[in-house]
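Colleague: Fold the following for me, if possible:
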Amino acid sequence: MSATTDKIKGYANEAAGKAKQVAGKVLDDDKLKAEGIAQEAKGDLQKAVGTGKANLKKVVDNL
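Modeller: Residues are numbered from 1 along each chain as shown. Sure, this is the predicted structure:
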């Protein structure tokens, strides 16, 4: 995947995770809240991977 794709998927997972957390709080569903936290963390990781790929590409391009 490209850096941009990783970042976009990361933002999407982060938003979905936050929505699940809110739904879990509203519905008093601890499992849904936990799923939301995990999905948000996955999104954060995907964004970091995308940023890392972009930074690596910049370094390689400058060699």
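Colleague: So what's the gap between stretch 22-35 and the chain middle?
Modeller: Relative to its chain's centre, stretch 22-35 lies at 19 Å (C-alpha atoms, centre = their mean, to the nearest Å).
Colleague: Give me the contact list for it.
Modeller: Gly17, Lys20, Gln21, Gly36 (C-beta atoms under 8 Å, 6 or more residues apart in numbering). Any C-beta I mention is one placed from the backbone N, CA and C, and that applies to glycine too.
Colleague: Sort out which residues of whatever helix or strand the last one lives in are buried, please.
Modeller: Per DSSP states H and E: Gly36 is located in helix 30-61. Within helix 30-61, the residues that qualify as buried are 32-33, 35-36, 39-40, 42-43, 46-47, 49-50, 53, counting by 16 or more other C-beta atoms under 10 Å.
Colleague: need those in CSV with pLDDT, can you?
Modeller: What follows is the buried residues of helix 30-61, written out as CSV (pLDDT from 0 to 100):
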residue, pLDDT
Leu32, 98
Lys33, 97
Glu35, 98
Gly36, 98
Gln39, 98
Glu40, 98
Lys42, 98
Gly43, 97
Gln46, 97
Lys47, 97
Val49, 97
Gly50, 96
Lys53, 96
